[in-house]
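turn this into a structure:
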Amino acid sequence: MTLDNFLYYIILPVLALSTLLVFIRFIIGPTISDRIVALDLLITTGIGVIAVYSILSGQPTFLDIGLIFGLIGFLGTVAYSSYLEKRKKK
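Residues are numbered from 1 along each chain as shown. Next up, the predicted model:
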């Protein structure tokens, strides 16, 4: 089994299944904290898909896009957490 076959037939379906399950958690999530964590995990699985695509296409520039998504996801999570802290104080 080559790396391309492994990525196509094992890694991408696992990422797709995890994205589906996390999206369900995002929709159902009883609290806003659950939704924030689910959104962060959706961004993380999206970065995984970008990394796999970068390997399959042989273009490392897509990894820069994944890095930017990671930074944006981190800042979004920090912003939501800050919002929740301020909301709890009021």
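
okay, CA-based contacts and neighbour counts for the rest of this
Will do.

what count of nearby residues applies to E85?
Using other Cα atoms under 10 Å, E85 has 11 other residues around it.

tell me the secondary structure at it.
helix (DSSP: H, G, I helix; E, B strand; the rest coil).

not counting sequence-adjacent ones, nearest residue to V22?
Among residues not flanking V22 along the chain, A38 sits closest, at 5.8 Å (Cα to Cα, 6 or more residues apart in numbering).

residues contacting the one you found?
V22, F23, R25, F26 (Cα atoms under 8 Å, 6 or more residues apart in numbering).

as a markdown table, the residues you listed with pLDDT would be great.
Compiled in a markdown table, these are given as follows (pLDDT from 0 to 100):
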| residue | pLDDT |
| --- | --- |
| V22 | 96 |
| F23 | 95 |
| R25 | 94 |
| F26 | 94 |
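
buried ones only from these, please, as a PyMOL command.
Under the burial definition 16 or more other Cα atoms under 10 Å, those of the contacts of A38 that qualify are selected in PyMOL by:
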select buried, resi 22+23+25+26
